[in-house]
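Enquirer: pasting the sequence and the predicted model now:
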Amino acid sequence: MDIDFNKNEDHNKLMLSELRKRLAAVKLGGGKKRIEKHHEKGKMTARERIDYLLDAKSPAIEIGAFAGDGMYEEHGGCPSGGVVVKVGYVKGKQCVVVANDATVKAGAWFPITGKKNLRAQEISIENQLPIIYLVDSAGVYLPMQDEIFPDKEHFGRIFRNNAVMSSMGITQIAAVMGSCVAGGAYLPIMSDEALIVDKTGSIFLAGSYLVKAAIGENIDNETLGGATTHSEISGVTDYKAKDDKDALDKIKNIVDKIGDFEKAGFNRAKSKAPAENQEDIYGILPASRSEQYDMLEIIKRLVDDSDFEQYKEGYGKTILTGYARIDGWAVGIVANQRKVVKTKNGEMQFGGVIYSDSADKATRFIANCNQKKIPLVFLQDVTGFMVGSKSEHGGIIKDGAKMVNAVSNSVVPKFTIVIGNSYGAGNYAMCGKAYDPRLIVAWPSAELAVMSGNSAAKVLMQIEKASLEKSGQPVDAEKEKELFNKIKKRYDDQISPYYAAARLWTDAIIDPLDTRKWVSMGIEAANHAPSNKKFNMGVLQV
């Protein structure tokens, strides 16, 4: 191993250590003291409930662990958006599980909570997976009600989705394991089956204090909307459980009886580990986002038996396209090549940049994968499309538009891994969040932004400098450097993968060695949802 490999390995493993440290902090939710108080009430935490519900030793992936990270600090923070979402297996069946974290502001809904719940439902809808809600929430966080209540993508959309999902035949099971108040009371009741835990679970449109204020009636919460009331009098819930574990056991029994599903028919063979050492990824991936490396070496450590059959290998070399298997599943891979390459004409092309020939190649490959019903995996490390007169005269806009069109109209499942740079229009062409990947995750090395920190800081600094000088404040070299560093620091914070994950621009930040698991579970989920849609690029033909 050379010294650069060792330096890269040290850098990437330090980033991975930071990821694990930050995940450990997030998993504490509202903190140890609140967890203890939760236990004193005889209740399990959201994560404990999910862990008990999911099959032991089975794989699972967590969606949005960093949702809300660094946000709402003036309100005390909102770790994981106050809700835990996992895709895993219950009695061998793949399910989405959504659990309110009552240690975070009593499970109240912040704006990011609503966005995360909608993302969970989106995954369920796209893949026709059963979804299980473990409800324990005080409802909308009132100080921010104007950002969560009335709009199309706000709180109410969740209940609309409940109704749509029911009509689609997607199984929805809800367990009321704590508070379930006001508008939130509709979620379990709009599910197909509802359970409630005795003494700790309650459902009502208005609690006892509000009832007293509104109509003058004196009543306690248990009588108003407890387990006995709703299981034996109102008939709102279908099952009464004696405690959390009993409720979760009942859910397991319900899921165990669900019938089989029609398959989409994606090709799968016996899984094989990569022939190359997967841990080499840490040494291959450079510490700096501006350094070159061979993406083909990364691919060999992600695919079964390190076998990657390249499509148009000698053409459009700044994008790698080809067929492989990941955990047995057949996939088509579209990846940015990050080393300088030489064309047939002897010209040099920059790694990570999309040229006309690369865009043309990717467009044709995406069309082929759609024809063959092969899921697509995008490996992003892209700075954008090539600029300059030669590229413009060569039709880079037209070729780029074709690639974006192919990605947009693709009907096979798409999965996006942000390995390094994800800048500007390159993010779009390589299936960024706006282009409906079934799952999109980032490695700790990822950066998502319109452009790099250096480039953006230079542009913003020149604007700031001109503004200061126009107002009669001269900017010398030292002041210019100070201004640049200040702007770059602010911008670098925004291009961090944690900033993106906090806002759910990505579903997770993952250890590179978990990439195969995410893609495999994603395709397995997509296999639940047969589709008759046909690939059509409209007026922009290949």
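Expert: Cool, the structure landed. Model, not experiment: these values are computed from the prediction.

Enquirer: quick check: the gap between the nearest residue to Gly70 once chain neighbours are set aside and Leu187.
Expert: Leaving out its chain neighbours, the residue that sits closest to Gly70 by CB to CB, 6 or more residues apart in numbering is Ala502, at 5.6 Å. Quick note: C-beta positions are derived from backbone N, CA and C, even for glycine. Distance of Ala502 to Leu187, given as CB to CB, to the nearest Å: 24 Å.

Enquirer: the more surrounded of the two?
Expert: Shown here are Ala502 and Leu187; by other CB atoms under 10 Å, Leu187 has more neighbours (25 against 20).

Enquirer: contact partners of the helix or strand that that one is a member of?
Expert: In this structure, Leu187 sits in helix 186-189 according to DSSP states H and E. Residues outside helix 186-189 that contact it (CB atoms under 8 Å, 6 or more residues apart in numbering): 133, 135, 158-159, 162, 174-176, 180, 194, 203, 236-237.

Enquirer: quick one: Ser363 is in a helix?
Expert: One thing to correct before we go on: residue 363 is Thr, not Ser. Yes: per DSSP: H, G, I helix; E, B strand; the rest coil, Thr363 lies within a helix segment.

Enquirer: quick one: the helices in the stretch 301-450 of the chain?
Expert: Taking DSSP state H, counting those that start in this stretch as the test, the helices found in the stretch 301-450 of the chain are 356-372, 389-393, 396-409, 424-429.

Enquirer: count the residues that sit near Lys533.
Expert: For Lys533, the neighbour count with other CB under 10 Å is 10.

Enquirer: I'd guessed it sits against Pro413; true?
Expert: No: Lys533 is not in contact with Pro413 according to CB atoms under 8 Å; the separation is 11.6 Å.

Enquirer: any buried residues in stretch 10-27, and which?
Expert: Using 16 or more other CB atoms under 10 Å as the test for burial, stretch 10-27 gives 11-12, 15-16, 19, 22, 26-27.

Enquirer: identify the residue nearest Glu62 in space, chain neighbours excluded?
Expert: Ranked by CB to CB, 6+ apart and with sequence neighbours excluded, the top spatial neighbour of Glu62 is Lys86, at 5.0 Å.

Enquirer: what helix or strand is that neighbour located in?
Expert: Using DSSP H and E, Lys86 falls in strand 83-90.

Enquirer: now Asn161
Expert: Asn161 belongs to helix 156-168, assigned by DSSP H and E.

Enquirer: now that helix: average pLDDT?
Expert: The pLDDT scores in helix 156-168 average 93.

Enquirer: what's the answer for stretch 389-400, then?
Expert: The model assigns stretch 389-400 a mean pLDDT of 84.

Enquirer: end to end on it, go ahead and measure it.
Expert: 15 Å (CA to CA, to the nearest Å).

Enquirer: now the strands: where do they sit in the stretch 351-500 of the chain?
Expert: Ranges of strands in the stretch 351-500 of the chain, per DSSP state E, counting those that start in this stretch, are 353-354, 376-382, 384-385, 414-423, 439-442, 447-449.
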